[in-house]
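Asker: Show me how the following folds:
(2 chains)
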Amino acid sequence: MRYAMAIDTKKCVGCGDCVVACQTENNVPIGFCRDWIVENVSGSYPNVEVELRSERCNHCDNSPCVRCCPTGASHIIEGGIVKVTHDECIGCGACIQSCPYDARYSHPEGYVDKCTFCDHRLAKGQTTACVAVCPTNCLYFGDLEDPNSDVSKALKNRSWKVLAPEAGTKPQLYFLT
Amino acid sequence: MKEELFVSGRNIPNIDPFLNIWHWEIPLYLFLGGLAAGIMFFAGLFLVMGKEKEMETTVKWAPFLVPVALVVGLFALFLDLKHQLFFWRLYTTIRMESPMSWGAWTLMIITPLSFFWVASYIKEVVPGWKWRLPIFESFESLVIKYRKHIAWLAMGLAIILGVYTGILLSAFNARPLWNTSILGPLFLVSGMSTGLAAIIWMSKSHYERSVLSKIDIALIGVELFLIVHLFMGFLAANQVQVEAAHLFLGGEFTVTFWVFVMILGLIVPAFLETLELFGYKIPMWIPSLLILIGGLMFRFIMVEAGQITRYLY
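Answerer: Numbering: from 1, shown residues only, chains lettered A, B, ... in the order given. As a prediction, the model looks like this:
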């Protein structure tokens, strides 16, 4: 099993619903978030292009955060999800430094926190909070090894990119372009 | 093409607009760790060479700084942790892939070792010193008996500690300024140079100072060579590392780096030490102080600048 997410940059309107849903579902403290929207404007007037991306942890296959963790608090569970065990985390910040996507933050209680692909919801057979609320259905989640999953089908029919592939992390968020 | 980046929906202090997770504690520790490694290495080296008499400060006096530096450095590291009550988790596992795990275990061995070293010389350095418990007496004679073995071990661990201070940073692929293998040797050499500077400052023997100055000048030469290669490597690398180099070549760290690290921290002290070797009277605390300040500045600049650099996408 290999969980992954595809984000349709052509359908995303940047409403931020995924951000709020995640904050609510996961009790993210005020002033922090596990997912966020990037609005990337390129070109020079009048030829400008906008790309909207809902970003979160890339749950990398080759995850630098797991490698650099001195206590093993950062680890990978079934499906390739990168998680942090709170009472093993010493808050040294190494994983935050190691992430090319700046997907981790220091929780006010001391440990490091990040997106979990809502594994507590997956265990109940539900999808992630962000996917569940997206009003434009621009987020696709599922098992890459299952050719009939939403994410596999989305990637099959569209061209896509990943962020900073040169970092060598093998990220698992696919942005449909 | 002009490109702009707006980030909405995320406004996390210390991550946006740029990372600022590691503050003064980390560079201070990197400095003290390098200093301790430098002193420990040369104390071990001259003991193994049988120069205990001629190089008295190096072998007997200066190592008193090592446990102090390590304890203060460790305390700084502890302060840096955000989940402090769980710090012992470092010692319930050994993770080969994590430089920080290596560092934690190295410190676990080298810190007590530095205390043993000091304890074995305390009677010579503090006349009339008496251990309160007889067990310390027997332990002391044991340490003295195996002094040469301990010295070899100390040298090995000092090199690991010195390199580690650089590798801690260079292992982070996500921070282009740090992500270069030159940082390991560079921090090792710089740490050794600061260690020598501390010993030279303490030493009263002209012979000892001149031997150490010669080594120090050579080390500063190596350091300059490595720094030149650091920038050559960056400028020949990919865009993110070219931009990292430009922080020092016209960017916001240009003046602090070139004035305080390169000129006042390396070139001027090397010049003063050379003049002293040619017989000019130079108070040796001046180059020593400059090297120590330069080494400290270098680590502060590297830690802060590194956190500004990032991948672009």
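Asker: C-alpha from now on. contacts and neighbour counts both.
Answerer: Will do.
Asker: Correct me if wrong: B:L79 contacts B:E25.
Answerer: Yes: look at B:L79 against B:E25 with C-alpha atoms under 8 Å: they come within range, at 7.1 Å.
Asker: So between these two, which is more surrounded?
Answerer: In this view B:L79 and B:E25 are compared by other C-alpha atoms under 10 Å in any protein chain shown, and B:E25 has more residues nearby, 18 against 14.
Asker: for chain A, what spans make up the helices?
Answerer: Ranges of helices in chain A, per DSSP state H, are A:17-25, A:64-68, A:94-98, A:119-122, A:129-133, A:150-157.
Asker: CA-only coordinates of the fifth one in CSV, if you can.
Answerer: Put plainly, it is helix A:129-133. Taking C-alpha atoms only, helix A:129-133 is exported to CSV below (Å, rounded to 0.1, in the frame of the first residue of the first chain):
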residue,chain,number,x,y,z
ALA,A,129,-10.5,15.7,6.3
CYS,A,130,-9.1,18.0,3.6
VAL,A,131,-10.3,15.8,0.8
ALA,A,132,-13.7,15.3,2.4
VAL,A,133,-14.5,19.0,2.5
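Asker: Would you tell me which helix is longest in chain B?
Answerer: helix B:206-235.
Asker: who are the neighbours of that one, in terms of helices and strands?
Answerer: Packing contacts for helix B:206-235, counted by 3 or more C-alpha pairs under 8 Å, 6 or more residues apart in numbering or on different chains; DSSP states H and E, involve helix B:183-202, helix B:239-246, helix B:268-277.
Asker: now for those, which one comes closest to A:S44?
Answerer: Among the helices and strands packed on helix B:206-235, the nearest to A:S44 by C-alpha to C-alpha is helix B:239-246 (21.0 Å).
Asker: That closest one to helix B:206-235, inter-axis angle?
Answerer: 140 degrees (axes from the mean of the first three to the mean of the last three C-alpha atoms, to 10 degrees).
Asker: Just confirm B:R175 contacts B:L312, I think it does.
Answerer: No: taking contacts as C-alpha under 8 Å, B:R175 lies outside contact range of B:L312: 11.0 Å.
Asker: Looking at the two, which is more packed in?
Answerer: Set B:R175 next to B:L312 and count neighbours by other C-alpha under 10 Å: B:R175 wins out with 26 against 10.
Asker: Now name the helix or strand holding the more buried one.
Answerer: Under the criterion DSSP states H and E, no helix or strand holds B:R175.
Asker: quick one: the helix or strand hosting B:R299 to chain centroid distance?
Answerer: For B:R299, the host element (DSSP H and E) is helix B:285-308. With C-alpha atoms, centre = their mean, to the nearest Å as the basis, helix B:285-308 stands 10 Å off its chain's centre.
Asker: pLDDT of it, averaged?
Answerer: If you average the pLDDT over helix B:285-308, you get 97.
Asker: hang on, the earlier thing: so which of the helices and strands packed on helix B:206-235 comes closest to chain A?
Answerer: With C-alpha to the nearest C-alpha as the criterion, chain A lies closest to helix B:239-246 of the helices and strands packed on helix B:206-235, at 10.8 Å.
Asker: C-alpha coordinates for the closest one, PDB please?
Answerer: The C-alpha trace of helix B:239-246 is given here as PDB (Å, rounded to 0.1, in the frame of the first residue of the first chain):
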ATOM      1  CA  GLN B 239      20.600  27.700  -8.500                       C
ATOM      2  CA  VAL B 240      19.800  27.300  -4.800                       C
ATOM      3  CA  GLN B 241      23.400  27.000  -3.800                       C
ATOM      4  CA  VAL B 242      24.500  29.800  -6.100                       C
ATOM      5  CA  GLU B 243      21.900  32.000  -4.200                       C
ATOM      6  CA  ALA B 244      23.300  30.700  -0.900                       C
ATOM      7  CA  ALA B 245      26.800  31.800  -1.900                       C
ATOM      8  CA  HIS B 246      25.400  35.200  -2.800                       C
END
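Asker: relative to helix B:285-308, how tilted is that helix?
Answerer: Orientation of helix B:239-246 against helix B:285-308 (the same axes, to 10 degrees) gives an angle of 150 degrees.
Asker: now check helix B:239-246, is it near chain A?
Answerer: No: applying C-alpha under 8 Å from any C-alpha of the partner chain, one finds helix B:239-246 separated from chain A by no less than 10.8 Å.
Asker: how many other residues sit next to B:L275?
Answerer: Neighbours around B:L275, by other C-alpha under 10 Å: 13.
Asker: Same list (the helices of chain A) but as JSON lines, adding mean neighbour count and distance to B:I291.
Answerer: Output for these, formatted as JSON lines (neighbours: other C-alpha atoms under 10 Å in any protein chain shown; distance: least, C-alpha to C-alpha, whole Å):
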{"stretch": "helix A:17-25", "mean neighbour count": "20", "distance to B:I291": "49"}
{"stretch": "helix A:64-68", "mean neighbour count": "25", "distance to B:I291": "31"}
{"stretch": "helix A:94-98", "mean neighbour count": "26", "distance to B:I291": "29"}
{"stretch": "helix A:119-122", "mean neighbour count": "14", "distance to B:I291": "52"}
{"stretch": "helix A:129-133", "mean neighbour count": "20", "distance to B:I291": "54"}
{"stretch": "helix A:150-157", "mean neighbour count": "17", "distance to B:I291": "57"}
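Asker: can you list these in a markdown table and add mean pLDDT and distance to B:S203?
Answerer: Conversion of the helices of chain A to a markdown table gives the following (pLDDT from 0 to 100; distance: least, C-alpha to C-alpha, whole Å):
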| stretch | mean pLDDT | distance to B:S203 |
| --- | --- | --- |
| helix A:17-25 | 94 | 60 |
| helix A:64-68 | 96 | 41 |
| helix A:94-98 | 96 | 39 |
| helix A:119-122 | 96 | 62 |
| helix A:129-133 | 97 | 65 |
| helix A:150-157 | 95 | 69 |
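Asker: I'd like the ones you listed as JSON lines, with distance to A:P46 appended.
Answerer: Output for these, formatted as JSON lines (distance: least, C-alpha to C-alpha, whole Å):
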{"stretch": "helix A:17-25", "distance to A:P46": "30"}
{"stretch": "helix A:64-68", "distance to A:P46": "40"}
{"stretch": "helix A:94-98", "distance to A:P46": "38"}
{"stretch": "helix A:119-122", "distance to A:P46": "44"}
{"stretch": "helix A:129-133", "distance to A:P46": "34"}
{"stretch": "helix A:150-157", "distance to A:P46": "31"}
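Asker: ok, how many other residues are close to A:S44?
Answerer: 12.
Asker: for B:H83, that is, sorry about that
Answerer: Neighbours around B:H83, by other C-alpha under 10 Å: 23.
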